[in-house]
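Visitor: test case, fold it:
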Amino acid sequence: MTEGNASNTVNRERLFWGICLALLPTAFSFVLVSNILNQLKTEFILTNGQVGYIGGAALWGMAVSLLTVGPFLEKIGFKRATQGAFVGHLAGVTLFLAAYPFAGEPYAFWILFLGAIGFGAGNGMIEVAGNPMVTSLYPKNKTTKLNHFHAFFPGGMVFGGLLGWVMTQIGVIGPVNIGHWTLQIAIIYIPIFAYGAMILPEKFPKSETEEAGIPFMEVVKYTFTHPLVIGLILLKMVTLSIEMGPSRWIPEVLQAAGVHGMLVFVWISGLMMVLRMFAAPFVEKFSPTGMLLGASVLTGSGLLMFAFIESGLVPLMLAGTVFACGVAFYFPTMVGLMSERFPKAGSLGIVLMIGMGFLAAGGSNAIMGEIADSYLPDGLDKQQTISVLEQVEQRYPSYVEQAEAVSGNMEALADLGYRAVDVQNALNHTQNALEYYRGNNAFDGTSTGNALRAIVDSGVSQEEELITTASAVLRPADNYGGRMSFYWIGPVGFLVAIVFLILFINDKKKGGYQAVRLEKQEVEEPLETK
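Guide: Residues are numbered from 1 along each chain as shown. The predicted structure is shown next:
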């Protein structure tokens, strides 16, 4: 069976399910790396800053491949892009694991960091190749199949997250520590080899624009000069920001409210997976513009529910359900809308839309953090906060001295359990917070929040009671600040809904949603020969 430019010599179903499997390493790497950061910090004697760089490296690698390699996909071809993803995934995981024998060595951090960059680049290349390839394989059913494709990301997040959690809970079985970070990361090899064996030997289709005989420079000119293409890219930056920014903060806010963040994370991700797998009736009944209109209203509503609901498992799960139903269709349906309405933008339009969306989503995290910190003082217990900060000011200088005294002895540092830089970081932030308070008789949200978080992360076992108190002081303040960030971000969903409402009404006036099909300009071979 064929559809569009997927000819008889292309095994369309095998390519599609193979590229779907290729999203699992992306999902696994996101959730499992987050799961092992504390292990890495302890085993490699890393600072909090270094752990943060490793956690963020996968996103950086993804952004680099999307924005540097992605725009040239029309020249590279789907097969080479997928081969690049396989190499990036394989090399990244292997390099990450190669750091194991060098635990305690200063350069081990760079091995871990470059490994995370590697599989991040592989993740980005799968986005580069996968989205436009799905539209080429199913030119008459783009939005539905893109939703099916993207169902594998939240599905992989749920499966990988639960698998990592179970392995950590099991712990040691005989001589093997099942929950050790090396085994958790090694799991990523399974989907890598699975998708590699499934699709790399296959023949790949051409892109839609290549099949239609449209020159690459014509695609570039069209993409960068068409106002509606540029408008959709800008709109994607907003929709991905109100999807990924809050998704990053929701588990932390719920954790601060006493609800296990993993529970709501699994619920939201599971709903997204199910809704995307059964997207076809929604596409048929509401059309992509109608789906995006509904998604915007539900996303905004879910965020406002999170803003006003302070506690309670049932109401918070309800808020998570509304939010999940909103964001489920956002990503794939936006890509489908670009490809169906502006197919001449080709893979370039799709990749730019995704790449710029991720770039904006990263910025939304920072914006939400700034909003949350500005409200954080309103949720602090004044006397307890001052007490914690003053105790750190008095006692932490001696811990800095102890750590500095054994700074060249990795074994002694491991026994001590903390590094001078982390304790000094907590002390510096504490002094900044106290200086502001003493000068203004009020807390500064950013410096006070940073101080309390640095104290919690300092790892000084002798101060376990103080660290517990700092955490207890911080949790309700983080919950309040986070909910206030949802309060300000949530209305953006309704503003976006107005845009999609205009598009939806315009479609209705023209007789309904109509996808644009490229007409073939010249006869071409149906397969790339790259």
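
Visitor: pLDDT weak spots in the stretch 201-350 of the chain?
Guide: 248, 252, 256-257, 259-262 (pLDDT under 70).

Visitor: wouldn't Met133 be in contact with Glu202 here?
Guide: No: using CB atoms under 8 Å, Met133 is not in contact with Glu202, being 11.3 Å away. Every C-beta, even on glycine, is put in place using the N, C-alpha and C of the backbone.

Visitor: Met157: neighbour count?
Guide: 25 (other CB atoms under 10 Å).

Visitor: when you give positions from now on, start the count at 732
Guide: All right, first residue 732 from here; so that's Met888.

Visitor: pull the contacting residues for Gly861.
Guide: 750, 753-754, 880 (CB atoms under 8 Å, 6 or more residues apart in numbering).

Visitor: drop anything exposed from the residues you listed.
Guide: The neighbour-count test (16 or more other CB atoms under 10 Å) marks 750, 753-754, 880 as buried among the contacts of Gly861.

Visitor: could you dump those residues to a markdown table with distance to Ser1032?
Guide: Converted to a markdown table, these look like this (distance: CB to CB, whole Å):
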| residue | distance to Ser1032 |
| --- | --- |
| Ile750 | 33 |
| Ala753 | 33 |
| Leu754 | 28 |
| Phe880 | 27 |
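
Visitor: just those: which are in helices?
Guide: Counting by DSSP state H, the part of the buried ones among the contacts of Gly861 found in helices is 750, 754, 880.

Visitor: follow-up on the earlier one: adding distance to Arg743 and pLDDT, write the contacts of Gly861 out as JSON lines.
Guide: JSON lines is the format used below for these (distance: CB to CB, whole Å; pLDDT from 0 to 100):
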{"residue": "Ile750", "distance to Arg743": "11", "pLDDT": "97"}
{"residue": "Ala753", "distance to Arg743": "16", "pLDDT": "96"}
{"residue": "Leu754", "distance to Arg743": "18", "pLDDT": "96"}
{"residue": "Phe880", "distance to Arg743": "13", "pLDDT": "97"}
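
Visitor: the strands in this protein, which residues?
Guide: Ranges of strands within the chain are 903-904, 907-908, based on DSSP state E.

Visitor: and these as CSV, adding mean neighbour count and mean pLDDT?
Guide: Putting those into CSV (neighbours: other CB atoms under 10 Å; pLDDT from 0 to 100) gives the following:
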stretch, mean neighbour count, mean pLDDT
strand 903-904, 10, 84
strand 907-908, 14, 86
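
Visitor: got JSON lines for those strands, with distance to Leu966 too?
Guide: Listed next are the strands of the chain as JSON lines, based on distance: least, CB to CB, whole Å:
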{"stretch": "strand 903-904", "distance to Leu966": "50"}
{"stretch": "strand 907-908", "distance to Leu966": "47"}
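
Visitor: need the pLDDT of the nearest residue to Phe1089 once chain neighbours are set aside.
Guide: The spatial neighbour of Phe1089 that comes closest, neighbours along the chain excluded (CB to CB, 6 or more residues apart in numbering), is Ala794 at 5.6 Å. For Ala794, the model assigns a pLDDT of 77.

Visitor: need the contact list for the closest residue to Gly886 other than its chain neighbours.
Guide: Using CB to CB, 6+ apart and skipping the chain neighbours, the partner closest in space to Gly886 is Met1004 (4.0 Å). Taking CB under 8 Å, 6+ apart, we find Met1004 in contact with 882-883, 885-886, 889.

Visitor: surely Ala1059 touches Ala1026?
Guide: Yes: look at Ala1059 against Ala1026 with CB under 8 Å: they come within range, at 7.4 Å.

Visitor: in stretch 930-950, what's buried?
Guide: Quick answer for stretch 930-950 (16+ other CB under 10 Å): 930, 933, 935-943, 945, 947, 950.

Visitor: I'd like to know which of these is nearest to Lys806.
Guide: Phe947 (6.2 Å; CB to CB).

Visitor: wait, the closest one sits on Gly808?
Guide: No: judged on CB under 8 Å, Phe947 makes no contact with Gly808 at a distance of 11.7 Å.

Visitor: gap between stretch 1068-1076 and the chain center?
Guide: Its chain's C-alpha centre and that of stretch 1068-1076 lie 25 Å apart, by CA atoms, centre = their mean, to the nearest Å.

Visitor: then that stretch to CSV, C-alphas only?
Guide: In CSV, the C-alpha atoms belonging to stretch 1068-1076 read as follows (Å, rounded to 0.1, in the frame of the first residue of the first chain):
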residue,chain,number,x,y,z
LEU,A,1068,-0.6,22.6,10.6
MET,A,1069,2.7,24.0,9.2
SER,A,1070,3.2,21.0,6.9
GLU,A,1071,-0.4,20.9,5.7
ARG,A,1072,-0.9,24.6,5.1
PHE,A,1073,2.6,25.5,4.0
PRO,A,1074,4.1,22.4,2.4
LYS,A,1075,6.4,24.5,0.3
ALA,A,1076,8.3,25.4,3.5
